[in-house]
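Engineer: model the structure of this input:
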Amino acid sequence: MSRIFCIPGIIFLLCALVLSVLVSISLPFLPALDFVRVHFGSGVAISGDAMTELRLGIWAPCYYTTDNARTCFRASHAYSISVSNAAKTANVIIGSSWTRGLAVHPVATAVTFIAFCMSFSTHHMVTLLASLTSFLAALLTLIAFAIDIALYAFVHHEINKLPDISGHTTTSAAFWMTFVTLILLLLAGCTVCFGRRKDRMSGAASYPMSSKPSFFSRFRRNKV
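Structural biologist: Sure, this is the predicted structure:
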């Protein structure tokens, strides 16, 4: 692949891979990398504890109490969590159907890693596969980002249903890291694709074109 396109494509894929790996680890292993975060003023309880903040990651939710102590649920796929007001007169459940799709993130990370490995090759067919794999990783990341948006909208809607609380739902670091990863993968796929096209065009121009004698050249006199 052309050098001017090769290095940027590898850098885009490397940055996308690093971000995607961090997002895939998420809570409870990296406390700062959650997708949806809810800040509570007062009057909210979870598992019998007064809660000031709730964070939702891929593998588990974590919550903070009034003394700033962090408690995380056991890491598992497709978890569910119940939140109630302090009087326990109302509660909402964020079910596993809304968190199960978050597992698309590690799948997108694996595909991104494959594209990154193939981007080092100089073979035309492998670079084509690297470009296609980058777009596939971008598609999976887009699906994961859509799931993140759906989770945020659902949590925002459910938290607002609880009476006598002041809950503020926001997107968090992993949410926006996924969006940046999507942009980087699209740039990487286009860069690798353009680099392969440039190589093909330069290869076609290197072949000498055969020139056939014209019809009128047959009637020209040869110089002595």
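Engineer: now do the helices in the chain.
Structural biologist: Assigned by DSSP state H, the chain shows helices spanning 3-25, 96-99, 104-118, 124-159, 173-205.
Engineer: can you put those helices in a markdown table and add mean pLDDT?
Structural biologist: A markdown table is the format used below for these (pLDDT from 0 to 100):
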| stretch | mean pLDDT |
| --- | --- |
| helix 3-25 | 87 |
| helix 96-99 | 94 |
| helix 104-118 | 95 |
| helix 124-159 | 93 |
| helix 173-205 | 77 |
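Engineer: nearest to residue 54, out of these?
Structural biologist: Nearest to residue 54, of all the helices of the chain, is helix 124-159, at 8.5 Å by C-beta to C-beta. Yep, even glycine has a C-beta here, placed from its N, CA and C like the rest.
Engineer: can you give me the angle the closest one makes with helix 104-118?
Structural biologist: 160 degrees (axes from the mean of the first three to the mean of the last three C-alpha atoms, to 10 degrees).
Engineer: any idea how far residue 169 is from residue 130?
Structural biologist: For residue 169, the distance to residue 130 equals 39 Å [C-beta to C-beta, to the nearest Å].
Engineer: looking at the two, which one has more neighbours?
Structural biologist: Legend: neighbour count by other C-beta atoms under 10 Å for residue 169 and residue 130, higher for residue 130 (29 against 19).
Engineer: not counting its neighbours along the chain, what's nearest that one?
Structural biologist: With sequence-adjacent residues excluded and distances taken as C-beta to C-beta, 6 or more residues apart in numbering, residue 130 is closest to residue 118, at 3.8 Å.
Engineer: show me what contacts that neighbour?
Structural biologist: By C-beta atoms under 8 Å, 6 or more residues apart in numbering, the contact set of residue 118 is 126-127, 129-130, 133.
Engineer: if we can go back for a sec, can you put the helices of the chain in JSON lines and add distance to residue 39?
Structural biologist: Formatted as JSON lines, the helices of the chain follow (distance: least, C-beta to C-beta, whole Å):
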{"stretch": "helix 3-25", "distance to residue 39": "21"}
{"stretch": "helix 96-99", "distance to residue 39": "20"}
{"stretch": "helix 104-118", "distance to residue 39": "24"}
{"stretch": "helix 124-159", "distance to residue 39": "10"}
{"stretch": "helix 173-205", "distance to residue 39": "15"}
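Engineer: now the residue nearest to residue 130: how far from residue 21?
Structural biologist: To residue 21, residue 118 is 18 Å away according to C-beta to C-beta.
Engineer: and residue 83, by the same measure?
Structural biologist: According to C-beta to C-beta, residue 83 stands 30 Å off from residue 21.
Engineer: higher neighbour count, the two?
Structural biologist: residue 83 (25 against 15).
Engineer: wait, the more buried one touches residue 92, no?
Structural biologist: Yes: taking C-beta atoms under 8 Å as the definition, residue 83 is a contact partner of residue 92 at 5.5 Å.
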